[in-house]
Every structure is written in C-alpha cells, then in structure tokens.
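Asks: Need a 3D model of the following:
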Amino acid sequence: MPEGLACTLRMPLAWQAVQLDPHSRQSRIVEAALLLNALNQMESSHEMDAGGAENRRLDRIEAKLDLALYLLARRLETDSALTLHDVHLTPTGAQWPDPSPPAAGRMLMVEFQPSETLPLSLRLPAIALEPGTNQACVSFEGLSEALDEALYQFVFRRHRQAIRARTA
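Replies: Below is the predicted model of the structure:
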C-alpha cells in the first residue's frame, strides 16, 4: 500500500464479496458519507473554525440530529460478525491482517466501526488488491466526492491524534 497520509486503528472489521447494483452502491456511499461527516463534525468540536463559534455549534447540532435519525434507521438492521483488527487506513484504501485474504480483483464490501463510542458500521465498496502474506489489501472503489473528503478528514484527524500521542 503506498505511503502517505494514513493511520492505524484497532477496530472491528469484516469484508464480504459482493456484486452491488448501482442503486445499492449509491445508497451505501450516501450512508457512509453521512456517518463520516457526522463523526468528523462531532470529533472536531474542540477545533475553531473561521466561520465562527455559533456556526460551528449549529453544524454540530445538525450533525448529531442527522446521526440520531440514521441510528434509528440502522437499529432495525441485523448486525454482522465484525472481528477486531489493526487496520492501516488511508483515504483511498485499507490493509489488515487476514489469514484468508480476498483474491485480487474481487469486488468487496468492507465494513468497519470507525468510532469506539458509536456502534455504527461504515460500509465501503472496495476492490481487493494483491494480498500480502496473511494481509488483506483493498482500494475503495467508486466513492463520491463528499465521501472522499469525509474519509480524508477522518484519516487526517486520526493521523494527527497519533502524532500528538507519540509526542506527549
């Protein structure tokens, strides 16, 4: 996996081979963007924005309301079997230990929980890359511009947190 902006997180993860129709793919991408945008808004509550403190506060409230509605809808879904992994995450893909990684070129749905405090799974369409020895490696596939930006912000924030933790 190419070097650059990345973070390593211990989080629940699962993958499954899928063939999604365009409507299902778009639905997953919209859901993922909603979740990551809300998570980014809540986690950045301590950071100041040039738009003013009041605007930031309203943005956070709106993100929390969006997330509450999303949680309600997702509560009706069944849970999948996620297992804990050390995931190397970049804005464009992920890598994690896996004794039976998916074959290169296989279309996947990668599901992981990006936050320890929220029991929500992020589901991203991906394509399997050439696996390493006991390593799965994927590239996220067909993400929207909004989801690309949200994923970049999420990885950037976690990368910064890891740097702060090492220097503290």
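Asks: For this structure, which residues score under the pLDDT cut-off?
Replies: For the chain, the stretches with pLDDT under 70 are 1-3, 45-52, 69, 73-80, 117, 119.
Asks: residue boundaries of the strands in it?
Replies: For the chain, applying DSSP state E gives strands covering 7-17, 83-89, 93-97, 107-112, 122-128, 135-140.
Asks: Make CSV out of those strands and add distance to Ser44 and mean neighbour count.
Replies: The C-beta positions use only the backbone N, C-alpha and C, and glycine is treated the same way. Formatted as CSV, the strands of the chain follow (distance: least, Cβ to Cβ, whole Å; neighbours: other Cβ atoms under 10 Å):
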stretch, distance to Ser44, mean neighbour count
strand 7-17, 15, 17
strand 83-89, 18, 16
strand 93-97, 22, 21
strand 107-112, 20, 20
strand 122-128, 17, 21
strand 135-140, 22, 20
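Asks: Of those strands, which is nearest Ala150?
Replies: strand 122-128 (9.8 Å; Cβ to Cβ).
Asks: Distance to Ile163 for the strands of the chain - can I get that in JSON lines?
Replies: Putting the strands of the chain into JSON lines (distance: least, Cβ to Cβ, whole Å) gives the following:
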{"stretch": "strand 7-17", "distance to Ile163": "10"}
{"stretch": "strand 83-89", "distance to Ile163": "15"}
{"stretch": "strand 93-97", "distance to Ile163": "20"}
{"stretch": "strand 107-112", "distance to Ile163": "22"}
{"stretch": "strand 122-128", "distance to Ile163": "23"}
{"stretch": "strand 135-140", "distance to Ile163": "23"}
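Asks: For Arg28, find the nearest of those strands.
Replies: strand 122-128 (5.2 Å).
Asks: Give the other helices and strands that that closest one contacts.
Replies: Of the remaining helices and strands, those touching strand 122-128 by 3 or more Cβ pairs under 8 Å, 6 or more residues apart in numbering; DSSP states H and E are helix 22-43, strand 107-112, strand 135-140.
Asks: Kindly recompute the last result at 10 Å.
Replies: strand 7-17, helix 22-43, strand 93-97, strand 107-112, strand 135-140, helix 145-167 (3 or more Cβ pairs under 10 Å, 6 or more residues apart in numbering; DSSP states H and E).
Asks: re the thing from before, quick one: which of the strands of the chain is nearest Ala165?
Replies: Nearest to Ala165, of the strands of the chain and by Cβ to Cβ, is strand 7-17 at 11.1 Å.
Asks: what is the closest residue in space to His88 that isn't next to it in sequence paired to in the beta sheet?
Replies: Counting by Cβ to Cβ, 6 or more residues apart in numbering, His88 lies nearest to Gln95, which is 4.4 Å off, once chain neighbours are set aside. When bridges are called by DSSP bridges, Gln95 pairs up with His88, Cys137.
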